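*Asks:* could you work out the structure for the sequence below:
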Amino acid sequence: MTGPPKEFLSLFARAFQGGTETSLSELIEMFKQSETHSTLVAAGEARDAIDKAGLELIPPFGVGRMSESRVLRVATHSVPLEEEVRGLIAAGEDSKQEFKSSLIFDHKRAANQPELDAKSLKSDGVLFSVLKTIAAFLTSGGGILIIGVDDKGAPLGIQFDYACFGIVGDGRDKWELALRNYLQTRFKDGPSINDYVTVNHCVIDEKSIAVIKVQARRALSFLKEGNDHRLFRRQGNRTLEVSIADIEEFLTWRSKEAG
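*Replies:* Okay, here's the model as predicted:
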């Protein structure tokens, strides 16, 4: 084989533009040159092409069903540079980017009731606001959520969340574990949702900032609230709930956006 097939090059381009979805079946079909070209050989060639391109497949080869949807994206081996994150913050909020001051700490209540301790300032409302933004990005072409900055982009840091969780010292790993537990338990198809979410950290003005990159998902991503399952979308720099009455219009818009 002289090089990757044209179909893979198209997939490759989408992976570098923020990530894309595929499956082992789709990849193997791309790399099968003839009936005599075995599935095993095609799978090996697909794996080699992905590695050489600096991409990663989530879940990886050897895990799950052949037809299972997987994320193909740029390999996440490095922490984003401070300059990159400063650039993202300077760009402001839009349909593909949003800022949140915290994951679970209620800054507004803390300002109004300074006598409260950190654990009393743990807010499910703040958490739900974060999760519904992630839900909207999943269903609306992906996006970036930056946690630890205010609406104007001023760094606050996620250390306020550490206090809510009782974390002492550098709590970035435990903070991410808490976020991923919420994604797993608060979403329908929760275990799969984590494959579409990448978490990185950087320090700006001595504040730890979390950068959450959310990959678009073909399947609709429903956020659970009690016994209800709620669907969200992005519209401009807003996150809106999709009602039953609007679902057909939303699906038509989504299909056009996917191209």
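*Asks:* what residue ranges in the stretch 101-250 of the chain score low on pLDDT?
*Replies:* Across the stretch 101-250 of the chain, nothing is flagged by pLDDT under 70.
*Asks:* where along it do the strands fall?
*Replies:* 143-147, 197-204, 207-214, 223-225, 228-230, 232-235, 238-241 (DSSP state E, counting those that start in this stretch).
*Asks:* tell me which of those lies nearest to Arg73.
*Replies:* Of all the strands of the stretch 101-250 of the chain, strand 197-204 sits nearest to Arg73, with 7.5 Å by CB to CB. C-beta coordinates here come from the backbone N, C-alpha and C atoms, glycine included.
*Asks:* just the buried positions in the closest one, please.
*Replies:* Neighbour counts over strand 197-204 (16 or more other CB atoms under 10 Å) mark Val197, Thr198, Val199, Asn200, His201, Cys202, Ile204 as buried.
*Asks:* as CSV, those with distance to Val168 would be great.
*Replies:* Below are the buried residues of strand 197-204 laid out as CSV (distance: CB to CB, whole Å):
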residue, distance to Val168
Val197, 26
Thr198, 26
Val199, 20
Asn200, 22
His201, 17
Cys202, 21
Ile204, 22
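*Asks:* which pair of the residues you listed spans the longest distance?
*Replies:* Val197 and Ile204 (21.2 Å).
*Asks:* output stretch 150-164 as CSV, restricted to C-alpha atoms.
*Replies:* Output of stretch 150-164 as CSV, limited to C-alpha atoms (Å, rounded to 0.1, in the frame of the first residue of the first chain):
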residue,chain,number,x,y,z
ASP,A,150,-15.6,34.8,34.9
ASP,A,151,-17.9,36.0,32.1
LYS,A,152,-15.4,38.6,31.1
GLY,A,153,-12.5,36.1,31.0
ALA,A,154,-10.8,37.2,34.2
PRO,A,155,-9.0,34.2,35.8
LEU,A,156,-10.5,33.0,39.1
GLY,A,157,-9.2,29.5,39.3
ILE,A,158,-10.8,26.2,40.1
GLN,A,159,-9.3,26.0,43.6
PHE,A,160,-12.7,27.1,45.0
ASP,A,161,-14.1,23.8,43.8
TYR,A,162,-11.3,22.0,45.6
ALA,A,163,-12.6,23.3,48.9
CYS,A,164,-16.1,22.1,48.1
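*Asks:* in that stretch, what's buried?
*Replies:* Buried residues in stretch 150-164 (16+ other CB under 10 Å): Gly153, Pro155, Leu156, Gly157, Ile158, Gln159, Phe160, Asp161, Tyr162, Ala163, Cys164.
*Asks:* would you map the helices across the protein?
*Replies:* With DSSP state H as the criterion, the chain has helices at 6-16, 24-31, 39-52, 82-91, 107-112, 124-139, 159-165, 172-186, 190-193, 247-258.
*Asks:* so which of these comes closest to Val74?
*Replies:* Closest among the helices of the chain, once you apply CB to CB, is helix 6-16, at 6.2 Å.
*Asks:* now do that closest one: everything it contacts.
*Replies:* Helix 6-16 has contacts (CB atoms under 8 Å, 6 or more residues apart in numbering) with 4, 20, 22, 27, 30-31, 46, 49, 53, 55, 72-74.
*Asks:* nearest to Ser243, of the residues you listed?
*Replies:* Out of the contacts of helix 6-16, the member with the shortest distance to Ser243 (by CB to CB) is Thr20, at 28.9 Å.
*Asks:* contacting residues for the closest one?
*Replies:* Contact analysis of Thr20 by CB under 8 Å, 6+ apart lists Leu11, Arg14, Val71, Leu72, Arg73, Gln215, Ala216.
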